[in-house]
Structure formats: C-alpha cells, structure tokens
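**Q** Sequence and predicted model, in that order:
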Amino acid sequence: MTVTAEPRPGAAAPGSGRTRRPRRRFVPATAGHYLIWIVTLVVVVGPVVPITLASFWSTPLYRSGGHLTLGNFRDLLTDPAWWSAVGNSAAFAALTTVSSVLFGVGAAVLLTRTNVPFRRLFAGVLILPVMLPGLVLIVGWMAMWAPSGYVSSWLEINTVLWFPVDLYTLPGMALVATTVAAPTVFLFCRTTVLAIDPALEDAARSAGAHPLRALVSVTVPLLRPAVLNSALLVFAVSFEVLGLPLILGFSNDITFVSTYLYDNWINAAPPNQGLVSAGAVFLLLCVSGLLVLRNRLVGDVSRYTTVTGKATGTRVVDLGPVRWPLAAVFATVLGVLVVVPLAGVVMSAFTSILTPYITPWSVLTTANFAAIAGNPIWSESIVNSLLIAGVGGLLATAAIAVVSVVAHRSAFRFRGSLQQAVVWPRMMPGLVTGMAFFWSFAILDPSGAVRGSLWGIGLAFAVRSLALGYGVFYPALAAIGEDLDRAARTSGATWWQASVSVVLRLSAPAMAACFVLLFVSMLNDADPAVFLVTDRTPVMGLTMLQLAATSTGGAVAAFGVIQMVITLAVLAAGRIFLGVRAHA
Amino acid sequence: MPDLTLTKVAKSFGVNVVLHDLDLHVRDGELFTLLGPSGCGKSTTLWSIAGLHSPDRGTIAFGDRVVFDGGRIDVAPERRNCGVVFQSYAVWPHLSVHDNVAYPLKLRKERRPARAARVREVLELVELAHLEHRYPHELSGGQQQRVALARALAYPPDLLLLDEPFSNLDAKLRERAREWLRALQQRIGVTTVFVTHDQDEALSMSDRIMVMDQGRVRQVGTPEEIYQEPADVFVADFVGTVNVLPGRAAPGANGTAQVWLDGLGLPLVVPAGAGLDGDVRLTVRPERIVVHPSSGAPADAVNVVTVKVRSRAFLGDHYRYVADLGERELVVRTLAPVDHGSELIVELPPDAIRVFGPA
C-alpha cells in the first residue's frame, strides 16, 4: 500500500464545511414524479373517458337522468349518410396518400441525390405548405383554380389550355390535400436519404453498378420504412380532415366523416350530441388503429438500420441532359400547386373583386383588412389566438420539457407510460380532442368557467400539440449524454437538481425550438375549437374556417394573409435567432 | 479514507445474469482494478458502487457505512460521496472549467472564498489552473479528462471511481496519463476503483487487480501474481499472451509429470504436484520460450523440440514466430531474428510451464 505522508488536498484548507454532505431533500423525487404522471394522464388520456361515456348515454352528460344505451351507435350505424361519409373519407384519404407518396418520394430522391437544377429552391417551395396554416392554401386554391377561379378562367379565355380538375369533387379535394401531404412524405424520406451512408452506394458501384442504378437499387429500397410510416400518417390525417371538405365539399354536398359530425353538432337543432359522440369514438378507433398498425408494420426496423462510419457528404448523381426537362416539370407542378394559390391569397386579400375580366390593379383595396379591424369578433379572434399561442405555447413547452425529462431521465417506475402518453394525442383527430374536452368540462366544470375562457381552448390546443413539441424536444434530449446527469448525481446533486442544472439547461435551445413550433401550431389550430368556442372566445383558425365555409370574399383571404404573415415572421425569427427548422 | 466492501452482490437484466454473488474488498488508499472483457460485469460493479445501478441483492459498505443492503438500504448516488470519472468524461459543456469543478462544492453549500480557493487547489493538482476560465470545447481530450478528475476530487470524495478513463485518448497520451494518474493517486492516497479492459493499464497502475469474466471473479491479486501465477487458463490468456497446449499427463520421476501433446513424439516434462493424471492444459508465455541456435541446445536442456515455422512477424521491439508444435500452434517471441531455415529449435523450460485441468 502506498499512501504518502503528504496531506490530502482537502485537509490542507481550513474550514470544516468540506466534509459536509449535501442536505437531504424533504420531498423525495418520486413524489414529484407521481404528481407529474397523474396530471399528464388526467389531461391527456382522461378526456377520452367522458366522450366514451357520452356515446353510450341516452342524454347529454350535463343533463340529469339518462341511462346506458347502444342507441347512439345504432342510430349512427344505420344512417346511410354516415356510411356514405365513411366511403368518401376513405376514398379521399386513399387518393391523397397515393399521390403524395408518389410525388413526395420522387421529390425526396431527385431533389437530394441528383443534380436537377434549382433543387434547393424547389425543395424550399415544396415544403412551404407544411409551415403555412392549412386554410390559407385552400383559400388560395379556390381563388385561382376553382372552375370560376382567376387563373383557370384566364386560361380558358386566353389560351387553348384549361385546368383539368374540378376542385369541388373528390379528386379535386385530394389534389389540394396532396399539396400539404406530399411535403410530409418528402421530409420523412429526405431525412432517411440523407442519413444513408454513401458507402452503401459506393459498395454497389465498386460491384459494378452505374450511379443511377446504385441509387435505385440500394437507396430507394432502404426508404421503405419511411414511406410506410409517412403514408399511414398521411392516410390517418386525411381521414379526419375537417377544413377541406367543409369548404370544398359544400357545393356538391360531398360529406366526409368530419363534416358529418360537424353538421350534426352545429347545424342540427337540437344537436345530436349522442350520435356525434358515437361517431367521434368510431373515428378515434379507426385513426388509432391505423397508427398502431403503422408502428407494427414499420417494426423490424433494424433490417434497415445502416451503420454510419465516418461522416461523408452526400453524393450527387449526374442525370445528364434529362435534368433540364425534369426541372421544368418540377417548376410547373410546384407553380400550380403552391406558388399560384399563395399568390391567389394575396391577390384576393388586396382586391375588391378578383376576375380575369378586370385588371387587379384597378380594384386594389385595403377594405378587406379594414373589415377585419372593424369587426369586433374577427379582430378579437386574432388577439385571442396570439394569447393562446404565446402563453399556451410557453406553458406547453415547459410541460413537455419536464415530462420528457421524467420519462427519459429518471428511474420512475411508470416512465414508459409517460412516453406513450405524450405521443398518444397524435392519434386523436382534432374534432375528437375538442369534443373530449367539451364533455370533460361539462362534467368537471358545470359552471362553465374554464370552458368559457381561453384556458379551455388553450388546453385542448396544447394537448393536441404535445406530440409535435415532443418530436422536436426528444431528439435534443436524447443527444445529451446520460453521463452528464450521472456526473451531477455523483457530485452530490439530487435528481431534480441534476435535471435543472444540467439536462434542462443544456436543452434550452430545443425548448426554444419547441416553443416556436407550438406557437405556430396553436395559433392556427381550429378543429378542437369547434366544440369549445363561445361568442366571447373566438379564435382565428376557427373564425376563418367558418368564414371560408360560407363565403369566398376577400375577408377570408385577408385573414389568410394575416395568418401567413404572423406564421412566417415567427418561423423566420426562430430560424434566425434560434436556428429552428420548421420541419425538424 | 474508508475501505470498500461488497458482499454477495448480484444483478440480472431479465434472464441475463450480470453479477453472480460478487465479493470484493478494496483496502484503504488502494488502487484496485476491475479487469475483464466487455460484458464481464465490471462496469455494472462500478455503477453499483456509485449508486447509479441498484443490484438485486447483496450489501455494499464504505468503511462501516452501509450504502446498499438488499432492498432495505439504497443510498442515492448524490449521498454516497463518490468521485466518478466517466469514460465520456461528462464534463458539462455549458459550464467553464472553474464552474465544472465548483459545482459539487456549491451543492455542499461551500462559501464563496473557500470554494474558489479549493477549486484553484484542485486545478493546480491536475495542472489545469491556467485554463480555469476556458470552456470544455476549447480543451483537448486529455485536458477534459483532467477537468473530470478535478471535479471528482473537489469535495473530496470518500472513493474515486474511474470508468475506462483512458479509452478516448490516443496511445501516446494514454501512457503519459497513466503514469500521471498513478502518481497523483499515490500522492493523495484516495481509495480508487478503476475499470478497464486493457491489461497493460491494469498491470502498470494497480495495487491489486480483480479479473472478471461473465459476472464472476476469476482471480484477485497483485499485478505480478496475476501475470505469473494465473489462477486459470482464462486469466492466463486474458492477461498477456499465452500458448495453451492440451495434452494427457502421466506421473514422472522426481515430482514431475510427463505430458503428451497430440502429434508430438516425445512427452514434455512439467513440474507437478502429486497424482497429476489424465487430460490437462499447459500454458507457456511466448517470451519464456528459449530459442537455440541451429547447432543445437545444451545437453542439460529439457523439453527441447524442433518446430516448423509457419510465419514470422516483425513488431518493432520484438519478433513473433508462429510455429507448429505437434498439432498445435506455438507462438514464440524473440528480441532478435533467428533465421535458420524453416525450423526452430525451442526449449520449453519446465518452470515456465503451468498446468491446468481440462477445459
């Protein structure tokens, strides 16, 4: 044994505080964990209970009396209108999925791995619809490509061309939806394409494959999980979409599942609350089933795991002269799908009437914006949405951060269920979330104090955005080595101290990114508000949706411009100051 | 400074048993190394001591303070007062060198002047005082490792735990860091548990080594004992290079035994206790094999064999020959090349041969 006579460094300095151990905390970390767990479950999963109850109850839950019944489901399942709505929704979702997968995968491979000219510009335009509020694009499509729209009429009057799709039919709606859905597929696949080790293709090339052959035979098959994953997501989201059929399905009376529920609640007197609850439960089961199916199918992911060695840049495959016609195709398609509709929103917002027979310059006006400012409900809805997005976004970000840290960085017994709970609202269609909260408030808060305030809508929006925020926050959290908090623990920090001073401190940039995305999402959200909104609590997304469903005027477009400007400004600020990517 | 005692510590992950009733005693002030291949349970042992993993059973005591006892006592890691240096160093990137080292002192409510003095003292100890205000990304790997060490020594700890601290350093730096750390540990006399899979590290630094395999202790001893008197073939093979030669033994004259190897005409004479009989395995370190010139071995040499050379490799400071000994392969190590054709005359001195039971 070799201990020298030299004093230990600790013994050298005076003061006895040195050997003191950290003080014991009175409240053990686990109590905090349990509290967070219970609150999360109550807020996220809890609301499903009353909606399920409502679907099996003969009278609305806020009224006394009533009894258990299957009547609501019998009414629903024997209603031919319901079944035609299901058929329409399924056909629409299938069409949207097929077209967005074809377009999204093609674009992902061509725009990241080949030398198509202007590919960065094309990629930027392609993903624009993901960042913008969905309604803005629909309004633009109507203004430009509807049978009486500006560009489609102009084409017929001045050229031999015409726009081949009627927007007010199922294929027309699917085309509009593809504009939003294709970028989702694109982003999923592009991430995978970029992550694939170029050495895999190099191996194919050294085995004798032509560059394009290597791309098609190695990289494209490796995309399977990403394609499947995004396709099922697109299908599930398309199946529950409300805004699109409400606005475009109206004239030809095409009912979707979502509009069926909407009509039976808003336009029926008295509202068929039991029937709608049963429909919502049905919708929830379908969408949840699809997303569970997705997790199963994607399964066996390890087959597609590519081990990455040294980081090397992605290689670009030379397409030769073919790249120019390809670029022309991209320019045309993106022009029709994205650029023209967005221009349409701006043009309608700043003109009193938009028609090819009058030059827009002669009818320029700011009257549409003045109308919004002059209408108390309209202007109030903008203020309300900013409040919900700002305050709600902050609180939701904090909640996501704390819940994620408990779920991933603690020894808490039920941390697994917390991880599930955060992702679970993603399976809930927006309409169902709204109705679930409606019934929860009806039972827990009969006075209507919460439901009648912005807190109620804010809570529903926040729960709906949990999965989005978690999706941004979790990768950053996972990238923080666990040794860092272990080191804090062994240095004498309690679990909470280590979490606050190391883990949360290091994930601050991710929290900022999370806030930006939650802000945008909550600012523009509409669906859950359908059942929660009151005269005193209008929100921008829903006000615009209801306006768009009943009129095509410039006021809707002006709303769209306002929404678009706020959204892009916040995203740009996030990008510049925080390096946030809207499609993380 | 307390000693460390682990008694019957067991841990399984599902059906996979990581530790089989491990017993371990580290003496006060000792540098004790856990050595073994990856997955042998050495890191699990270290983390159980630190409190970052809870074993299923057993007790862990620092001196007479029991920090873990079955399900009844499980002192949280922050209350065990261990200094841990992680393989990744785990230096907090958002804090300067000074703040990294000061963090444990802040948690212990050390007052500011005393804290600053102590941080300076520890940083001087690890020769980083001049980099106090730098941030981790401005430091080299070796410097980060020393920050981690300074942080672990700051309070000061009852036990220093090192988890493969050199594995991220390059070869040259690693050698220097080893000597430096060993000298520092001896100077401050902190009881230290060191985890590594590198036998050179273990042999050169430790007071004692525990060789582990698949959650079991194979041998505990000083570096010399581990290398020269391995308890079994696993230890002999894992620590250093060794030739393992299976054969059949029969009693010989004068307390020796004779061992026949497959395909070898003459038996080897090995030292043996009473009644060595049946299947055995012999081990011989390559550097203990004597190579004789082509003119032949001296008359009194025993176990002289002529072997056929299969390959020769030059490794800078020595040559490595692989030859056929009967049906087995024999690795021989020499300082100078011994080139006489395709055959070598080698002598396996009986005192260089160790005898173990069959596999």
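**A** It's in.
**Q** just for the stretch 251-359 of chain B, where's the confidence low?
**A** Along the stretch 251-359 of chain B, segments meeting pLDDT under 70 span B:273-275, B:339-340.
**Q** Just the helices from it, written as ranges.
**A** For the stretch 251-359 of chain B, applying DSSP state H, counting those that start in this stretch gives no helices.
**Q** try the stretch 1-150 of chain B
**A** B:42-50, B:97-107, B:112-125, B:141-153.
**Q** need those in a markdown table with distance to chain A and mean neighbour count, can you?
**A** Every C-beta, even on glycine, is put in place using the N, C-alpha and C of the backbone. Listed next are these as a markdown table, based on distance: least, C-beta to the nearest C-beta, whole Å; neighbours: other C-beta atoms under 10 Å in any protein chain shown:
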| stretch | distance to chain A | mean neighbour count |
| --- | --- | --- |
| helix B:42-50 | 5 | 24 |
| helix B:97-107 | 4 | 23 |
| helix B:112-125 | 5 | 17 |
| helix B:141-153 | 7 | 24 |
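**Q** burial measure for residue 341, as a count.
**A** Picked chain A for this. 25 (other C-beta atoms under 10 Å in any protein chain shown).
**Q** ah, I was thinking of chain B
**A** 8.
**Q** what about the residue lying closest to it once chain neighbours are set aside, distance to chain A?
**A** Distances taken as C-beta to C-beta, 6 or more residues apart in numbering or on different chains put B:Ser294 closest to B:Gly341, at 7.6 Å, once the chain neighbours are dropped. Computed as C-beta to the nearest C-beta, to the nearest Å, the B:Ser294 to chain A distance reads 48 Å.
**Q** if we can go back for a sec, export the helices of the stretch 1-150 of chain B to a markdown table and append columns for mean pLDDT.
**A** Formatted as a markdown table, the helices of the stretch 1-150 of chain B follow (pLDDT from 0 to 100):
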| stretch | mean pLDDT |
| --- | --- |
| helix B:42-50 | 93 |
| helix B:97-107 | 93 |
| helix B:112-125 | 92 |
| helix B:141-153 | 91 |
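**Q** Could you export those to JSON lines, including columns for distance to A:Glu482?
**A** JSON lines is the format used below for these (distance: least, C-beta to C-beta, whole Å):
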{"stretch": "helix B:42-50", "distance to A:Glu482": "11"}
{"stretch": "helix B:97-107", "distance to A:Glu482": "17"}
{"stretch": "helix B:112-125", "distance to A:Glu482": "25"}
{"stretch": "helix B:141-153", "distance to A:Glu482": "15"}
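**Q** right, and those - which one's nearest B:Pro358?
**A** Each of those was scored for nearness to B:Pro358 using C-beta to C-beta, and the closest is helix B:42-50 (27.7 Å).
**Q** now that closest one: how far from the chain's centre is it?
**A** Here the centre of helix B:42-50 is set off from its chain's centre by 15 Å, with C-alpha atoms, centre = their mean, to the nearest Å.
**Q** wait, isn't B:Leu31 in contact with B:Thr192?
**A** Yes. B:Leu31 lies in contact with B:Thr192 (C-beta atoms under 8 Å); the separation is 4.6 Å.
**Q** Pull up the overlap in contacts between those two.
**A** B:Gln185 (C-beta atoms under 8 Å, 6 or more residues apart in numbering or on different chains).
**Q** For stretch B:93-111, measure first residue to last.
**A** Distance across stretch B:93-111, first residue to last, is 24 Å (C-alpha to C-alpha, to the nearest Å).
**Q** Could you do stretch B:18-33 as well?
**A** So stretch B:18-33: terminal residues 18 Å apart, C-alpha to C-alpha.
**Q** For it, which residues meet the burial criterion?
**A** Within stretch B:18-33, the residues that count as buried by 16 or more other C-beta atoms under 10 Å in any protein chain shown are B:18-19, B:22, B:24, B:26, B:29-33.
**Q** Let me see the domain layout of the chain.
**A** Using chain A here. Under automatic domain parsing, the residue ranges defining each domain of chain A are A:68-302+A:320-341, A:366-584.
**Q** could you do chain B instead?
**A** B:4-238, B:243-356.
**Q** Any idea which of the ones you listed gets closest to A:Leu242?
**A** domain B:4-238 (43.8 Å).
**Q** what residues are up against the residue most central in space within chain A?
**A** Chain A has A:Leu468 as the residue nearest its centroid, 6.1 Å off, counting by C-alpha atoms, centre = their mean. Counting by C-beta under 8 Å, 6+ apart, A:Leu468 touches A:426, A:517-518, A:521.
**Q** can I get these in TSV with distance to B:Gln185?
**A** TSV is the format used below for those (distance: C-beta to C-beta, whole Å):
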residue	distance to B:Gln185
A:Arg426	52
A:Leu517	50
A:Leu518	50
A:Ser521	55
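**Q** pLDDT of the helix or strand where A:Ile127 lies, averaged?
**A** Using DSSP states H and E, A:Ile127 maps to helix A:119-131. Mean pLDDT, helix A:119-131: 89.
**Q** Could you pull out the buried residues of that helix?
**A** Here helix A:119-131 shows A:119, A:122-123, A:125-131 as buried, counting by 16+ other C-beta under 10 Å.
**Q** what's the following helix or strand after that helix?
**A** Counting by DSSP H and E, what follows helix A:119-131 is helix A:134-145.
**Q** roughly how far is that next one from the heart of the chain?
**A** Averaged C-alpha coordinates place helix A:134-145 at 19 Å from its chain's average position (C-alpha atoms, centre = their mean).
**Q** Tell me the helices and strands packed up against that helix.
**A** helix A:150-158, helix A:170-195, helix A:243-248, helix A:340-349, helix A:540-550, helix A:554-573 (3 or more C-beta pairs under 8 Å, 6 or more residues apart in numbering or on different chains; DSSP states H and E).
**Q** give me the number of residues near A:Val565?
**A** 10.
**Q** how much space is there between it and chain B?
**A** From A:Val565 to chain B the distance is 35 Å (C-beta to the nearest C-beta).
**Q** before we move on, what SS does the closest residue to chain B within the stretch 301-450 of chain A have?
**A** Going by C-beta to the nearest C-beta, chain B is nearest to A:Ala411 of the stretch 301-450 of chain A, at 8.3 Å. On the three-state scheme (DSSP: H, G, I helix; E, B strand; the rest coil), A:Ala411 is labelled coil.
**Q** tell me the pLDDT at it?
**A** 84.
**Q** now do A:Arg21
**A** For A:Arg21, the predicted pLDDT is 45.
**Q** Could you do A:Trp324 as well?
**A** 94.
**Q** does it really touch A:Phe118, like I thought?
**A** No. Here A:Trp324 does not reach A:Phe118: they are 10.6 Å apart, not a contact under C-beta under 8 Å.
**Q** before we move on, back to that, right, so the domains of chain B: which one is the most enclosed?
**A** For those, average neighbour numbers computed from mean count of other C-beta atoms under 10 Å in any protein chain shown are highest in domain B:4-238, which has a mean of 19.
**Q** Could you pull up the mean pLDDT of stretch A:281-293?
**A** Averaged across stretch A:281-293, pLDDT comes to 84.
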